[in-house]
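K.L.:
below are the sequence and a predicted model for it; my questions follow.
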Amino acid sequence: MDSPSKEKGIGKSRHAKRGQNPSNHSTTQKNAYARLLGQHQNGIFRSYLQQFAQQQSQTDEVGESTPIMTSSEQRQRKSDHDILELPNPYERSPSRQKSKGEESSVSLLMEKLNHQGTPSEGQRNKPEGPERRHQERRDTYGSQDGDMESDDGILPRKIVSRHQRKKQQAKEMKGSGSHVGSKECETQRASDSCGPNSGEEKKKKKTKKKSKTKTKRDGDCSPETDEMQSTGKSSDPPKKIDTLQTQASNTPPADKIRTNRCGRGSKKQIFEDYMSTHDVSAGLKREELIQGPLRINPKKFNEAFIPSPDGSADIFLDGVVARNRALNGDVVVVQVLPPEQWKVVGGDPQTPAGKASEKERTEVPASPDIIVEAQYSDEDLVNRVENMILTGKVPVTPKNDENIHKDMFDTPGSKAERAVQRTAKVVFITEQKHSRAASGFIKFLPDKNFAMFSPVDYRVPRVNVPLSDCPADFPSRPSDYANTLFICRITHWPADSNFAEGRLAKSLGQAGEIEPETEAILTEYDVDFSEFSEEVLACLPQALPWTIPPEELSKRRDLRRECIFTIDPSTARDLDDALSCKQLPDGNFEVGVHIADVSYFVKEGSALDFVAGCRATSVYMVQKVIPMLPRLLCEELCSLNPLTDRLTFSVIWKLSPEGKILSEWFGRSVIRSCVKLSYDHAQSMIEDPDKLFTAEELPPCSPEHSVDEIHRAVLDLHSIAKKLRSQRFEGGALRLERLKLSFTLDKDSGMPQGCYVYQYRDSNKLVEEFMLLANMAVAHKVYGSFPELALLRRHPPPQTKMVDDLKEFCDQMGLDIDLSSSGALHRSLNETLGNDPYTSARKEVLSHMCSKPMQIALYFCTGALKDEKLFRHYALNVPLYTHFTSPIRRYADVIVHRLLAASLRCGPQLGLSVEEVHKQACHCNDKKTASKRVQELSAELFFAVFVKECGPLDSEAMVMGVLDRSFDVLVLRYGVQKRIYCNSVEGLESFRFRKVGKRPEMTLVWATDDPEKGSVEQEISIFTLLEVTLKSDGAPLKYSAVLKRPLEINS
């Protein structure tokens, strides 16, 4: 190891070399620096300086002399900077004047970078210190040291993945003799990593370098360059060395190094400042900017999208920097980047533009703040885009180019016709829809007054939280909290930091347990599960038991003597709809839909109304419900419980036996349900129409109505519902049926005991048809009365480009699927998939594909959407639709009830403006989306626990999609979807992916126990049946689908 005296010797020789024609480098360095200054911000050199300064501090403590940058050294650094002939954007102090003759260790490194020769060929293949140190620090620099300024993870440039770094480190360990831990070794690495040590050898190398070309830079040996050379990739040496030279020229003055040992005089801005509201408004009006909701890929967090206003392909946001601190769901304003920065993609619906390729998915690092971005070089991308502009095609991409997205690879035998996807960057956040809350784990950082919070959701950044927010014994016993789940709320995300700042809100408990995980889900999706306040409860009737006031009875149609009943799930408590049906003397039927009159109890403008509007919906989870209204209302006073007088809003039709509407009536009413039927009860009546059911086979019934009368009403409703349903689908309606998982729970522990796929049967369809009929009738009524204020529900048609791609894919799969309209698609799904035990599975797979182009249905105010053609509901194929039938659990229905009452002059006028109705509609959309996602996550949570407690679970599975290194399956017994990665399949020798047209196929080659028999091949494509086993992975809530060997299947 070198001594301090050797360091000084090196410094003198370098100092003597400084006078050797520095002007020879100035022109090329200036051009490179100017280019890189506008493109890159490299944190590698600054992290190097931080470690170097820390080592200097350690040496000071043991009494060794450490060179401190003096005023002469500062002048020398100034001369270094002058060589580049450009101003330093980070120079903030006039104290940078230096004198000659003295040199610091930092200056030595900069001088070495500026004047060293090109390494020999053998040395090129042996990357040395800086890259290796950077790789070793990458995992610890942000998480263990807690540095809020770690920049190397979010730069818009090529960065190797963790997998590639490990391979690179293995190579470097063979040929590198670098050491970590002393300032002497740091200096030696600075002088040795790029070439010979002696000045004479450097002179020779420099002379040889000059004789070859004047365009290459000296000292082509940055960490990135070494990496490219060792992996066989092409590189741009001048660009890489200038990155380090740029950082070297920005080294802070000595006083900064002395007071802040990280070696950085000021923080570099990572994210751009947001535009002003005035500029954003003007840009949107001129259509220079685009606004939309941000969607971040949960499997590849550095990919994000916003929908294109013209309905074409989504706009792509590449990397964390492009998102500019926006989180998933936020409404953002973006600026489209120049065409040369657009993304080149393929048109395969199996791997659509913006979806992560399989290679990229498997190489996503554990840290959400380190981006792995494989991309084209600037020159290559410009050439490709120019070619596309002229020819509409992109040249075939060589498969050995590892810098290009895997999903851009051409496939054997096909022509590489590519498209470009617009890319953009966020310039403004219009609305922060994300809750800024996340569940995750905390990590102790020695010598820091904060801890690192790592969210479970990689789309959320890591957060620095005050150590005071952590448990008192966390600093002394951090391992005790390794599996404890916490809730953190982000309070600020500085523009100059990879990490956000926030506060720990709560410790939830052990990860993987149902209740802590449930609370984490509710908090992350901003579901209010708190108890209702005293002010809200004061709005409810205080005199209990409550009875209907006589004056209210006199205003309503009395239907208490009619045969009216509810049909709901057996566990339902909030019964908000009831049905009635009786045959008239003329052979027609009087059919009624009776909905709980929630608006009678929830007065507009009250505290109860405000809270209900904020919650907007009840949230249904596997084990419980988070109600929109206090339980006194939703389970008692409003719930249409049997044998109890209840206030309702009714729609009553006179229908022919064929389902033709002859007349209709709307109005407030009072009913008394005669029985609470479950779907199972109604299904039994439908399946056995001639059976005489006894009172013991049904729940308690009113003595005023016989079991036979109830049975006859159910059968008549079923008969009419079938005709309504048939007419609806003949008229062009669409239903994409999706499998739903249900659970049986232990009464004491609440743990899942079993699970099954929920069956959608005729009793469900019966109820659905009459609810749809009521909703459509009310929509026409309120829109006719309030054309500007009506709150309706629309469903936009699917995205045209995605439909076209799906149609092409289906054609090449040999599937006769007509996607021209909703009705045509429905007929195709029900007529072209055969009639065998696996028809429903094939239909589910195809429904999953068809759901991808579909847009979601939305609430809207008619006054805010002027074009009436946009009111249509695509799936139902009707011009007007709304929600009226579930006011106990949906606030939109409460507003519709108020509008209906006002239109019938049996209630006050709605006290809301068009703007207020529109705002509430948007809020209901957000809450409905969140509620659906919470419901899905709850089912996933319980199934993961079920697999852990009751697994392994065997099942048949059907292939849903095939990628280049994996395939997705639908597990038929449980209705769950899982991805199987070929590299993780035990016993698999190899696999081959190919495409026949756009039909993806894969061959799996299995090893056998008998070498004489050779290997066994298994063909995989869409609809292939497989056998899988679901097994818990050991980690909380993680389980895998393990593919069984063909030999096991046949045995």
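P.N.:
Alright, I've got the coordinates.

K.L.:
for the stretch 751-900 of the chain, give me the ranges with low pLDDT.
P.N.:
For the stretch 751-900 of the chain, no stretch has pLDDT under 70.

K.L.:
strands of that one, start to end?
P.N.:
752-757, 791-794, 858-861 (DSSP state E, counting those that start in this stretch).

K.L.:
got a list of contacts for the longest one?
P.N.:
By that I understand strand 752-757. The contact list for strand 752-757, computed with CB atoms under 8 Å, 6 or more residues apart in numbering, reads 622, 739-746, 942-943, 945-946, 949-950, 973-975. For every residue, glycine as well, the C-beta is placed using N, CA and C.

K.L.:
please repeat the previous calculation with a cut-off of 6 Å.
P.N.:
L739, L741, S742, F743, T744, L745, D746, F942, V945, F946, G975 (CB atoms under 6 Å, 6 or more residues apart in numbering).

K.L.:
before we move on, back to that, so which of the strands of the stretch 751-900 of the chain comes closest to F871?
P.N.:
strand 791-794 (5.4 Å; CB to CB).

K.L.:
okay, now the sheet partners of that closest one, with direction.
P.N.:
Its sheet considered, strand 791-794 pairs with strand 858-861 (antiparallel) by DSSP bridges.

K.L.:
may I see the buried residues of the partner strand?
P.N.:
For strand 858-861, burial by neighbour count (16 or more other CB atoms under 10 Å) applies to L858, Y859, F860, C861.

K.L.:
which of the strands of the stretch 751-900 of the chain sits most buried?
P.N.:
Highest mean neighbour count of the strands of the stretch 751-900 of the chain: strand 791-794, a mean of 24 (counted as mean count of other CB atoms under 10 Å).

K.L.:
neighbouring contacts of that one?
P.N.:
779, 857-861, 871, 873, 881-883, 895-896, 917, 921.

K.L.:
re earlier: format the strands of the stretch 751-900 of the chain as a markdown table; extra columns: distance to I487.
P.N.:
Below are the strands of the stretch 751-900 of the chain laid out as a markdown table (distance: least, CB to CB, whole Å):
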| stretch | distance to I487 |
| --- | --- |
| strand 752-757 | 24 |
| strand 791-794 | 33 |
| strand 858-861 | 30 |
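
K.L.:
which one of the ones you listed lies nearest to F499?
P.N.:
Short answer: strand 858-861, nearest of those by CB to CB, at 35.5 Å.

K.L.:
output that closest one as CSV, restricted to C-alpha atoms.
P.N.:
Extracted C-alpha coordinates of strand 858-861, given in CSV (Å, rounded to 0.1, in the frame of the first residue of the first chain):
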residue,chain,number,x,y,z
LEU,A,858,-68.2,6.8,-15.3
TYR,A,859,-70.6,9.0,-13.4
PHE,A,860,-71.1,12.4,-15.0
CYS,A,861,-73.3,15.5,-14.9
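
K.L.:
let me see the residues that make contact with that strand.
P.N.:
With CB under 6 Å, 6+ apart as the test, strand 858-861 has contacts from L791, R793, R794, A892, V914, V917, H918, A921, C924, N925.

K.L.:
quickly list the domain ranges of the protein.
P.N.:
Domains of the chain are assigned by the TED database as 435-511, 534-797+855-938, 800-851, 951-1043.

K.L.:
quick one: end-to-end length of the longest one, please.
P.N.:
Right, domain 534-797+855-938. Counting by CA to CA, to the nearest Å, you get 30 Å between the two ends of domain 534-797+855-938.

K.L.:
please apply the same query to the third one.
P.N.:
Criterion CA to CA; first-to-last residue distance in domain 800-851 is 13 Å.

K.L.:
go on, stretch 420-435?
P.N.:
Termini of stretch 420-435 sit 33 Å apart (CA to CA).

K.L.:
pull out the buried residues from that stretch.
P.N.:
420-430, 433-435.

K.L.:
can you check stretch 443-458 too?
P.N.:
Buried, per 16+ other CB under 10 Å, within stretch 443-458: 443-445, 448, 450-458.

K.L.:
also stretch 589-609?
P.N.:
Across stretch 589-609, burial judged by 16+ other CB under 10 Å covers 589-602, 604, 607-609.

K.L.:
and the helices in the stretch 651-800 of the chain, which stretches?
P.N.:
Ranges of helices within the stretch 651-800 of the chain are 679-687, 707-730, 762-785, 800-812, based on DSSP state H, counting those that start in this stretch.

K.L.:
let me have those helices in a markdown table, adding distance to A505 and mean neighbour count as columns.
P.N.:
As requested, the helices of the stretch 651-800 of the chain are exported to a markdown table (distance: least, CB to CB, whole Å; neighbours: other CB atoms under 10 Å):
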| stretch | distance to A505 | mean neighbour count |
| --- | --- | --- |
| helix 679-687 | 40 | 19 |
| helix 707-730 | 48 | 18 |
| helix 762-785 | 39 | 21 |
| helix 800-812 | 39 | 18 |
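
K.L.:
I'd like the average pLDDT over the longest helix seen in the chain.
P.N.:
Among the segments of the chain that qualify as a helix by DSSP state H, the longest is helix 914-950. Averaged over helix 914-950, pLDDT sits at 95.

K.L.:
that helix to strand 752-757, inter-axis angle?
P.N.:
Here helix 914-950 runs at 120 degrees with respect to strand 752-757, directions being taken by axes from the mean of the first three to the mean of the last three CA atoms, to 10 degrees.

K.L.:
counting contacts, what elements does helix 914-950 pack onto?
P.N.:
In terms of contacts (3 or more CB pairs under 6 Å, 6 or more residues apart in numbering; DSSP states H and E), helix 914-950 is packed against helix 514-524, strand 619-620, strand 752-757, strand 858-861, strand 1025-1032.

K.L.:
sorry, back to before: got CSV for the domains of the chain, with distance to A313 too?
P.N.:
Formatted as CSV, the domains of the chain follow (distance: least, CB to CB, whole Å):
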stretch, distance to A313
domain 435-511, 21
domain 534-797+855-938, 14
domain 800-851, 6
domain 951-1043, 17
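
K.L.:
for G292, which of those is the nearest?
P.N.:
domain 534-797+855-938 (12.6 Å).

K.L.:
buried subset of the contacts of strand 752-757?
P.N.:
Buried among the contacts of strand 752-757 (16+ other CB under 10 Å): L739, L741, F743, F942, V945, F946, G975.
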